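Q: Next input, structure requested:
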Amino acid sequence: MQMPIQMPAPAARVPANVSRELSEFLSGLRFEDIPAPVVLRTEELFLDWFASALAGKGARPVRILDDFAAAMGPSGGTSEIFVSRRTSSPLFAALVNAAASHFVEQDDLHNSSVLHPGTVVFPAVVAVAQEIGASGRDVIAASVAGYECGIRVGEFLGRSHYKVFHTTGTAGKLGAAAGVARLLGLDAHRMNHCLGSAGTMAAGLWEFLRDAADSKQLHTAKAAADGLMAAYIARDGFTGAQRIFEGEQGMGAGMSSDADPALLVAGLGSRWATAETSFKYHASCRHTHPAADALAELMRINALGAGDIVKVTAHVHQGALDVLGPVTDPRSVHQSKFSMGFVLAQIAVKGRAQLADFTDAALGDAALRSFHDKVQMVLDPEIDRAYPRRWIGRVSVLTRDGRTLEHKVISPKGDPDNTLSRAELEDKALRLAAYAGGATEPEMRRAIARVWALREQRDLRNLLG
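A: Purely as a prediction, here's the structure:
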């Protein structure tokens, strides 16, 4: 199902209290208010997230957080930790599942907010839904509330925020909070307090990229867990800042130089940002995908092999330089997914950049390393102007016989207007589940059937049962 891309339109007015107006919308959102295509897309996003969580099984950072949950949390509960098949409280299940679903770089991304909503919203909502026995319809409504909130907060915070902050750790915390608050039935007043508490806890810095540190998993783990906490304490009367976004010492003032409060409420109820969310096709940082698609198509059109290419120039937006630029010599599998040179080498040498292609052995592969050294990134003003609403890919290639070739991609594979079909999503889910033995094929096929009928489920317990 191709989904048209709706760009966030600038609002003509800035309400006196955008925090309150957003809270009113989120608390009042009903399943019946959500258009059918958005419901279907939410089911697809749910499957993509669930499979990504299973693929995180055994990963060292995820295992450490799972051990922490086992030591600090209860010995059992109703909320599933998918990678270890244990149960715990909603807080610890959300924490581990959020870390797991962000590890292999296959979780969804929303372009204009530069946010990975699924990896923070679904873990929190599902953990609570399993605790309280919420229905599939309740989960869909809560998840859409979380997506709509988190995406709008990311857009509000703007490009300057993303230069320093990992938006999924900051705006994502608000998305998780809104989703759980909606599931718990918080009214607008308590929703507002919930967002205030989540906003004051928002954190996540990009500095970890320089050290190939594990912080990315901590960002999503804490976003889901802290968002959940914010909703529960607001339910019980804990108060938070009521103008957390637009206040003089709020998120906009402290975490951005180009914050636009109008974007928090523009198009509420008419523009469904959930449906604009992209699926990941390549198993790498999304900033590499536009150039990867452009290189793959250029090589196909011109019948080139990796050995025919002397030099590749990836024309990119500033965000790509900020995130990928520090990774000049990838030394870990995770770091290699943030290397434009290494990802394009996978495309050129293997014809793909899928999950099984990023391994310790690949890090030392002479052909991949050789091609990695042929790649450079340059800032492209046209591409930068379009970003983040569109993630355009353009590559220039110098061939061994002296030709200079160029190709441009407007919508990378996985974007709403170039989306993955349900068959492709099923295939991706099965591969993710099998990657680290997260689930058997029969288990995953049963889960897929259940997710395709998510709106009909009485509850979400025992997702792998």
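
Q: is it true that Ala223 touches Ala178?
A: No: in this structure Ala223 lies outside contact range of Ala178 using C-beta atoms under 8 Å: 11.9 Å. C-beta coordinates here come from the backbone N, C-alpha and C atoms, glycine included.

Q: Quick one: low-confidence residue ranges for the chain.
A: 1-15 (pLDDT under 70).

Q: Contacts only, for the closest residue to Ala306 other than its chain neighbours.
A: Once flanking residues are discounted, Ala306 sits nearest to Ala348: 4.1 Å by C-beta to C-beta, 6 or more residues apart in numbering. Counting by C-beta atoms under 8 Å, 6 or more residues apart in numbering, Ala348 touches Leu295, Met299, Gly305, Ala306, Ile309, Val312, Phe371.

Q: quick one: which two of those are the most distant?
A: With C-beta to C-beta as the measure, no two of the contacts of Ala348 lie farther apart than Gly305 and Val312, at 13.3 Å.

Q: Could you pull up the residues touching Arg85?
A: Leu464.

Q: from here on, count from 21
A: Got it, first residue is 21 now, which makes that one Arg105.

Q: which residue ranges form the strands in the stretch 121-270 of the chain?
A: With DSSP state E, counting those that start in this stretch applied, the stretch 121-270 of the chain shows no strands anywhere along its length.

Q: ok, now the stretch 321-470 of the chain?
A: Under DSSP E, counting those that start in this stretch, the stretch 321-470 of the chain gives strands at 329-336, 395-399, 413-419, 424-429.

Q: can you give me the angle the third one makes with strand 329-336?
A: Comparing the axes of strand 413-419 and strand 329-336 via axes from the mean of the first three to the mean of the last three C-alpha atoms, to 10 degrees yields an angle of 160 degrees.

Q: Are there helices or strands packed against strand 413-419, and which ones?
A: For strand 413-419, the elements it packs on are helix 309-321, strand 329-336, strand 424-429, judged by 3 or more C-beta pairs under 8 Å, 6 or more residues apart in numbering; DSSP states H and E.

Q: would you turn those into a markdown table with distance to Tyr252?
A: Converted to a markdown table, these look like this (distance: least, C-beta to C-beta, whole Å):
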| stretch | distance to Tyr252 |
| --- | --- |
| helix 309-321 | 36 |
| strand 329-336 | 41 |
| strand 424-429 | 44 |
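
Q: Next up, the contacts around Val140.
A: Ala118, Gly166, Gly170, Thr188, Gly192, Lys193, Gly195, Ala196, Thr240, Ala243, Ala244, Gly247.

Q: list the contacts for the residue nearest to the second one when sequence neighbours are not counted?
A: This points to Gly166. Spatially, and ignoring its direct neighbours in sequence, Gly166 is nearest to Gly199 (2.8 Å; C-beta to C-beta, 6+ apart). Listed by C-beta under 8 Å, 6+ apart, the contact set of Gly199 reads Val141, Ala144, Val145, Ala162, Ser163, Ala165, Gly166, Tyr167, Cys169, Gly247.

Q: do Ser277 as well
A: Per C-beta under 8 Å, 6+ apart, neighbours of Ser277: Gly178, Ser180.

Q: Leu324 and Val398, how far apart?
A: 21 Å (C-beta to C-beta, to the nearest Å).

Q: Looking at these two, which has the bigger crowd around it?
A: Comparing Leu324 with Val398 by other C-beta atoms under 10 Å, the one with more neighbours is Leu324, at 18 against 12.

Q: can you give me the helices in the stretch 121-270 of the chain?
A: Counting by DSSP state H, counting those that start in this stretch, the segments of the stretch 121-270 of the chain that form helices are 138-152, 156-184, 187-203, 208-221, 235-255.

Q: Out of the ones you listed, which is closest to Gly96?
A: Among those, helix 138-152 comes nearest to Gly96, with 12.2 Å by C-beta to C-beta.

Q: chain center to that closest one, what's the gap?
A: 15 Å (C-alpha atoms, centre = their mean, to the nearest Å).

Q: And stretch 133-151, by the same measure?
A: 10 Å.

Q: Let me see the contact set for the nearest residue to Arg481 once chain neighbours are set aside.
A: Distances taken as C-beta to C-beta, 6+ apart put Gln150 closest to Arg481, at 5.2 Å, once the chain neighbours are dropped. Each residue near Gln150 by C-beta under 8 Å, 6+ apart is listed here: Thr98, Ser99, Glu100, Pro110, Ala113, Asp479, Leu480, Arg481.

Q: I'd like to know how far Gln150 sits from Val141.
A: 15 Å.

Q: For stretch 471-480, measure first residue to last.
A: End-to-end span of stretch 471-480 (C-alpha to C-alpha, to the nearest Å): 9 Å.

Q: Got the phi and psi for the residue nearest the centre of the chain?
A: Centroid-nearest residue in the chain, with C-alpha atoms, centre = their mean: His136, separated by 1.8 Å. Main-chain torsions, His136, degrees, to the nearest 10: phi -100, psi 90.

Q: neighbours of the nearest residue to it once chain neighbours are set aside, just the number please.
A: Spatial nearest neighbour of His136, excluding adjacent residues (C-beta to C-beta, 6+ apart): Thr188 at 4.4 Å. Neighbourhood size, Thr188 [other C-beta under 10 Å]: 29.

Q: Enumerate every residue touching Thr188.
A: When contacts are counted by C-beta under 8 Å, 6+ apart, Thr188 touches His122, Leu135, His136, Pro137, Thr139, Val140, Gly224, His239, Thr240, Ala243.

Q: and which of the residues you listed is nearest Glu268?
A: The closest of these, once distances to Glu268 are taken by C-beta to C-beta, is Gly224, at 23.1 Å.

Q: separation between the closest one and Leu238?
A: With distances taken as C-beta to C-beta, Gly224 is found 8 Å from Leu238.

Q: and if you look at Ala114?
A: 14 Å.

Q: Kindly report the same for Ser352.
A: Per C-beta to C-beta, Ser352 is found 16 Å from Leu238.

Q: which one of these two has more residues nearby?
A: Leu238 (22 against 13).

Q: thought the more buried one was touching His122?
A: No: assessed by C-beta under 8 Å, Leu238 is found out of contact with His122, at 9.9 Å.

Q: In contact with Val417, which residues?
A: Applying C-beta under 8 Å, 6+ apart, the residues near Val417 are Leu315, Leu318, Leu324, Ile329, Lys331, Val332, Thr333, Thr424, Leu425, Glu426.

Q: rerun that using 7 Å as the cut-off
A: By C-beta atoms under 7 Å, 6 or more residues apart in numbering, Val417 lies in contact with Leu318, Ile329, Val332, Leu425.

Q: Please name the bridge partners of it.
A: Val332, Leu425 (DSSP bridges).

Q: how close does it sit to Ala201?
A: The value you get for Val417 to Ala201, if C-beta to C-beta is used, is 50 Å.
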